[in-house]
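*Asks:* turn this into a structure:
(chains A, B, C and D)
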4 protein chains.
Amino acid sequence: MTDIGRLVRDIADEMRGAEERGEVATYIPPLARIDPRQFGLCVVMADGEIHAAGDSEELFSIQSVSKVFALTQALGKVGDTLWRRVGREPSGTPFNSIVQLEREEGVPRNPFINAGALVVADINLAGHEPRVAIGELLRFMRYLADDDTIIIDEAVARAEQATGFRNIALANYMKAFGNITHPPELTLGVYFHQCAIAMSCRQLAMAGRFLMHGGFYEPGGPRVVSGQRARRINALMLTCGHYDASGDFAFRVGLPGKSGVGGGILAIAPGKAAIAVWSPGLNANGNSLLGTLALERLTEATGWSVFAR
Amino acid sequence: MTDIGRLVRDIADEMRGAEERGEVATYIPPLARIDPRQFGLCVVMADGEIHAAGDSEELFSIQSVSKVFALTQALGKVGDTLWRRVGREPSGTPFNSIVQLEREEGVPRNPFINAGALVVADINLAGHEPRVAIGELLRFMRYLADDDTIIIDEAVARAEQATGFRNIALANYMKAFGNITHPPELTLGVYFHQCAIAMSCRQLAMAGRFLMHGGFYEPGGPRVVSGQRARRINALMLTCGHYDASGDFAFRVGLPGKSGVGGGILAIAPGKAAIAVWSPGLNANGNSLLGTLALERLTEATGWSVFAR
Amino acid sequence: MTDIGRLVRDIADEMRGAEERGEVATYIPPLARIDPRQFGLCVVMADGEIHAAGDSEELFSIQSVSKVFALTQALGKVGDTLWRRVGREPSGTPFNSIVQLEREEGVPRNPFINAGALVVADINLAGHEPRVAIGELLRFMRYLADDDTIIIDEAVARAEQATGFRNIALANYMKAFGNITHPPELTLGVYFHQCAIAMSCRQLAMAGRFLMHGGFYEPGGPRVVSGQRARRINALMLTCGHYDASGDFAFRVGLPGKSGVGGGILAIAPGKAAIAVWSPGLNANGNSLLGTLALERLTEATGWSVFAR
Amino acid sequence: MTDIGRLVRDIADEMRGAEERGEVATYIPPLARIDPRQFGLCVVMADGEIHAAGDSEELFSIQSVSKVFALTQALGKVGDTLWRRVGREPSGTPFNSIVQLEREEGVPRNPFINAGALVVADINLAGHEPRVAIGELLRFMRYLADDDTIIIDEAVARAEQATGFRNIALANYMKAFGNITHPPELTLGVYFHQCAIAMSCRQLAMAGRFLMHGGFYEPGGPRVVSGQRARRINALMLTCGHYDASGDFAFRVGLPGKSGVGGGILAIAPGKAAIAVWSPGLNANGNSLLGTLALERLTEATGWSVFAR
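*Replies:* As a prediction, the model looks like this:
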């Protein structure tokens, strides 16, 4: 049987010394300043045991990984009526693509591309003040991770807001089709803040446990979502979680996963483990280069791929 | 524990009485003539036990389900160099789309859209006579299904050839980019014949066993492909197996699957079962309406979804 | 020889009685309230003679017809360097299309689609306060039309601003590519106000004289633009002036023309006449239904098509 | 008054010495072998006078310039019903684009892109043997040019046929939508042969006279087409004659024109001149580099732009 703790440390050692580390995102200064030599990995096993190595306690901007939790929150509010406003098919084109929105009249292809996440944020806003909506999401994350120290990096949120012209375009474009119900600047405020949540690998892996446990907080614990909903969120992560490289991630790693431009990835091995990995350098598709490689190593060694017998 | 045999019979009973059965494909007469009231289901368990119900012995045209086996054959010939000529991302647009071929200079997005399957057929042709290449695939299918009676329905092949203008367009279009290496009419000949293979649910489920068994023919049997390749083919089936409804199939059924316009679907529950279902009526996305519904019932009842703990 | 005055009156009579009048634009209340039974036509001949009929003195919102004058103004400021930021090819897709902006990295296809007109407005803004820039354009229009009463309809400008999500999206999208240099809301302010200029057919035809006179204000008068520039603006009007119905307008009318969603069209018969027509009902392409028909009658009767010998 | 004869010789002299001559088409050997140092120009005036200079008697492959004459022939056969099968809007995308065909269900945007010309060829085929249809077009060209020596270069036709996979794709794709009525290979045969017509600048300018003369063969001569049809063909040449550089040609030259990949351009100054220019080197848009430049010089000096007063 595989010694997971040793495997996690071995992978972290290999990644620490990797030459090719990808390019750190530079579109906002707070991300551009991050040291690309960092790498963290944390695996929370089904029995609650935690294996961590590298910079697994370092905080990073979770960015689009937040879309998984915002979607879970929105499904809790409106249920499957959410799917009237967002599709659930892979996009097949780059993550910020506005083309499909035109062809499909303001309905984003899935909740994990930016346009879809904006509609989800609009659902979570639901007539509240933006800071109420974002506070609600933050409390949900703290609960899931069992850690009340999780915060929003306001410098990141401000920087997103100041340079997020493409997201502003997307929100206004969908508003023109009636698929954003609040003033776009409010919906955008929620979205920019959710992307700016700062977490460590340990916190993120903890927060992902309910997707490993079929919707339960922990074995014997309360339900977060139904088993069907947990399976479906996993399915969406697998087919849509890595923008137009989702197919490649499924091919190489074989786990439901969601990446963020900050270099973090949350991956779920149902029934076995919740995994968070972080390394700031990105590959050509905008996903963590070493993070993806580490997950490939991990599933190759453990046989955790959902496609393995 | 679920009694799979009873479940299979119950599902077949429910489907037999279904009012809404979808529309039978009409683009060629041999398919248009099929009686839409048919439904067959066959589940081959990991231990070799077989549960079948309904019209599970009836032969149908496997059509695009053949793409799984042709891909396996082609990977055996050229290995991962295949991926220089075909992508592995979901297409995000209808299955016969030629648009992405223009944007991506003749490289199809994945091996399960028609364009990708034509490149795969071109690889399998590999300098042979078309009838040699198609004979080789047929022998492979007979071996996998352990059934030497599997044949090609020549009337279907001829009808495909007579009306397949869109596939002729795709092949010539890729030829213009140099991604078809034989005269297009020869590559098309292989493709049209592979689509015309006629099989029963039982034969098809048997032929899919190696994908349930991590690449082995059967437990204790010889390797058909490596474990990694079996996982990867499963991954491709999950992300790309149902054209632009692949995300929906993953969301609802949660298994790697490949559908054909003849109404057949092959689905794999790794380590648990190989499943073939057939009902000729198609839903709006061109996939078997009752077949998809039957698989949804089956995974809901058994918990076989790859996304379940 | 054709009696133009009589012809103009005959056409106005025919249009007054027309049953099929198209649909009035409804996206803002001030336009939605316009009476569709109105029709005005004014022809200013090369010798200065004016023929007018119908509601030719009625003020209407010139909307996109303003793009011709804003382009002239911007070319006066930055010359042919403007073409580094805007193309000059027909768009081939609907006027508010954002697709080509994605493919062409923020460079609009021509100055007469909304995206292109926003870049032109950005050039005209040029570090000024928005009200300075719009004041400058208004003075230019008054000069060209020889009429100091021309004003901006502030109710229309406000309504555009309140509902112009698609234009806000376009401006922010181009800002993301660096092709809008001011804060998008300022550039949009200029654009929304220029669209809200209110003019009569007479004023508009007068303002278009310089395009009939090879760039001169009037025969023997001062130069507004060079002869080459006048020809080129005419060429752009012909190839791009009616969004994705430009080819049809050239085919049927055969004159450089620019339409607006308010139902106005400015058309130029070089060396012969400047023509303004207005009727609020739009055809399926968003151009004045009766206005287009009237121009077809006029060029058929006069032989003014630029394509006639 | 401009001395046209001298101007034509001056332009030919300038072009003879030009350094930058563009790239000769290389997709078929017979074109790739052409000497790029050649340049010919011929202007047929309204009064019948002919001014020619350079290699104006040299035969070249007219390629897509043939689309003007094939369209004229097809309109003679089926009249305006032709427009049910072909649009008349600029394409806005590269000339061989198949994308719009998918969006617009097999109806090409205009008769001057390859797809549109294939539909036109299908109309001209009209139940005949291909060689009858192509013979008919050849006789029409000989009549228009008043020259019975015009022939088809069979080596070019064969080379087109052997490598024309993209056109084969287009024809089959439209066949799938029902917009090609004959077996695609027959329609393609007509098309490949019409492209292979070989003519000199003198012959081509002569053949274009009816478009200068409002549809008459020559002043006082018989009608070839109605005045309206002549104007409309001119309009189509202006808006669609240079693929996705049509706007630029209108902007710079200001005349209806049709280019071919062999380096020829036919341009019409209605009521004034029919012009043919040829130089084999192409610019980035696939149109003759020196040919376009020569026409720009010619219209600048003569004021023949249709957009000039």
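
*Asks:* what does the closest residue in space to residue A:205 that isn't next to it in sequence show for phi and psi?
*Replies:* Excluding the flanking residues, the one nearest residue A:205 by CB to CB, 6 or more residues apart in numbering or on different chains is residue A:276, at 3.9 Å. Glycine gets a C-beta too; all of them are placed from N, C-alpha and C. Per-residue torsions, residue A:276: phi -130, psi 130 (degrees, to the nearest 10).

*Asks:* residue A:276 reaches residue A:42, doesn't it?
*Replies:* Yes. Residue A:276 sits in contact with residue A:42 when judged by CB atoms under 8 Å, with a separation of 5.1 Å.

*Asks:* so who does residue A:122 touch?
*Replies:* Counting by CB atoms under 8 Å, 6 or more residues apart in numbering or on different chains, residue A:122 makes contact with A:180, A:181, A:182, A:187, A:190.

*Asks:* ok, the fourth one - contacts?
*Replies:* Which is residue A:187. By CB under 8 Å, 6+ apart, the residues touching residue A:187 are A:118, A:121, A:122, A:125, A:171, A:180.

*Asks:* helices of the stretch 101-250 of chain A, start to end?
*Replies:* Using DSSP state H, counting those that start in this stretch, the helices of the stretch 101-250 of chain A run over A:114-125, A:130-145, A:154-163, A:165-176, A:184-195, A:201-207, A:209-212, A:227-240, A:246-252.

*Asks:* and the longest one, average pLDDT?
*Replies:* Along helix A:130-145, the predicted confidence averages to a pLDDT of 97.

*Asks:* repeat for the first one
*Replies:* Taken as a whole, helix A:114-125 has a mean pLDDT of 97.

*Asks:* tell me the angle it makes with helix A:165-176.
*Replies:* Helix A:114-125 runs at 70 degrees relative to helix A:165-176, counting by axes from the mean of the first three to the mean of the last three CA atoms, to 10 degrees.

*Asks:* need the max-distance pair from the contacts of residue A:187.
*Replies:* A:125 and A:171 (11.5 Å; CB to CB).

*Asks:* ok, these two, which is more surrounded?
*Replies:* residue A:171 (31 against 24; other CB atoms under 10 Å in any protein chain shown).

*Asks:* and the residue in chain A that chain D sits nearest to, what's its pLDDT?
*Replies:* Of all residues in chain A, residue A:103 sits closest to chain D, at 8.8 Å by CB to the nearest CB. In this model, residue A:103 is scored at 79, pLDDT.

*Asks:* residue A:266 versus residue A:255, what's the distance?
*Replies:* 10 Å (CB to CB, to the nearest Å).

*Asks:* mutual contacts of the two, please.
*Replies:* The contact sets of residue A:255 and residue A:266 overlap at residue A:275 (CB under 8 Å, 6+ apart).

*Asks:* now do the buried residues in stretch A:122-138.
*Replies:* By 16 or more other CB atoms under 10 Å in any protein chain shown, the buried positions in stretch A:122-138 come out as A:122, A:123, A:124, A:125, A:130, A:133, A:134, A:136, A:137, A:138.

*Asks:* quick check: end-to-end length of it?
*Replies:* End-to-end distance for stretch A:122-138, by CA to CA, to the nearest Å: 16 Å.

*Asks:* how long is stretch A:134-153 from one end to the other?
*Replies:* Taking CA to CA, stretch A:134-153 runs 13 Å from one end to the other.

*Asks:* cool, and stretch A:251-263?
*Replies:* End-to-end distance for stretch A:251-263, by CA to CA: 20 Å.

*Asks:* ditto for stretch A:24-35
*Replies:* Length of stretch A:24-35, first residue to last, CA to CA: 8 Å.

*Asks:* stretch A:137-151 now?
*Replies:* 11 Å.

*Asks:* how far does that stretch sit from the chain's center?
*Replies:* Taking the mean of its C-alpha atoms, stretch A:137-151 sits 15 Å from the chain's own mean (CA atoms, centre = their mean, to the nearest Å).

*Asks:* what about stretch A:237-252, start to end distance?
*Replies:* Length of stretch A:237-252, first residue to last, CA to CA: 15 Å.

*Asks:* who's in contact with the closest residue to residue A:286 other than its chain neighbours?
*Replies:* Excluding the flanking residues, the one nearest residue A:286 by CB to CB, 6+ apart is residue A:261, at 6.0 Å. Applying CB under 8 Å, 6+ apart, we find residue A:261 in contact with A:25, A:31, A:63, A:64, A:282, A:286.

*Asks:* give me the secondary structure label for residue A:261.
*Replies:* What DSSP: H, G, I helix; E, B strand; the rest coil gives for residue A:261 is coil.

*Asks:* and it, its phi and psi?
*Replies:* Per-residue torsions, residue A:261: phi -70, psi -10 (degrees, to the nearest 10).

*Asks:* against residue A:280, how distant is it?
*Replies:* Here residue A:261 is placed at a distance of 10 Å from residue A:280 (CB to CB).

*Asks:* between the two, what contacts are shared?
*Replies:* Listed as contacting both residue A:261 and residue A:280 by CB under 8 Å, 6+ apart are A:25, A:31.

*Asks:* surely residue A:201 meets residue A:39?
*Replies:* No. Here residue A:201 does not reach residue A:39: they are 9.5 Å apart, not a contact under CB under 8 Å.

*Asks:* any stretches of chain A with poor pLDDT?
*Replies:* Residues of chain A meeting the criterion pLDDT under 70: A:1, A:93-96.

*Asks:* what residues are up against the one residue sitting closest to the centre of it?
*Replies:* Taking CA atoms, centre = their mean, the centroid of chain A lies closest to residue A:65, which sits 1.5 Å from it. Contact analysis of residue A:65 by CB under 8 Å, 6+ apart lists A:204, A:258, A:259, A:260, A:264, A:265, A:266.

*Asks:* give me that answer again for 6 Å
*Replies:* Residue A:65 makes contact with A:258, A:260, A:264, A:266 under the criterion CB atoms under 6 Å, 6 or more residues apart in numbering or on different chains.

*Asks:* among the contacts of residue A:122, which one sits closest to residue B:9?
*Replies:* Nearest to residue B:9 among those: residue A:181, at 47.7 Å, using CB to CB.

*Asks:* gap between the closest residue to the closest one other than its chain neighbours and residue A:187?
*Replies:* In space, and not counting its chain neighbours, residue A:181 is closest to residue A:122: 5.8 Å by CB to CB, 6+ apart. Using CB to CB, residue A:122 is found at 5 Å from residue A:187.

*Asks:* with residue A:39 instead?
*Replies:* 34 Å.
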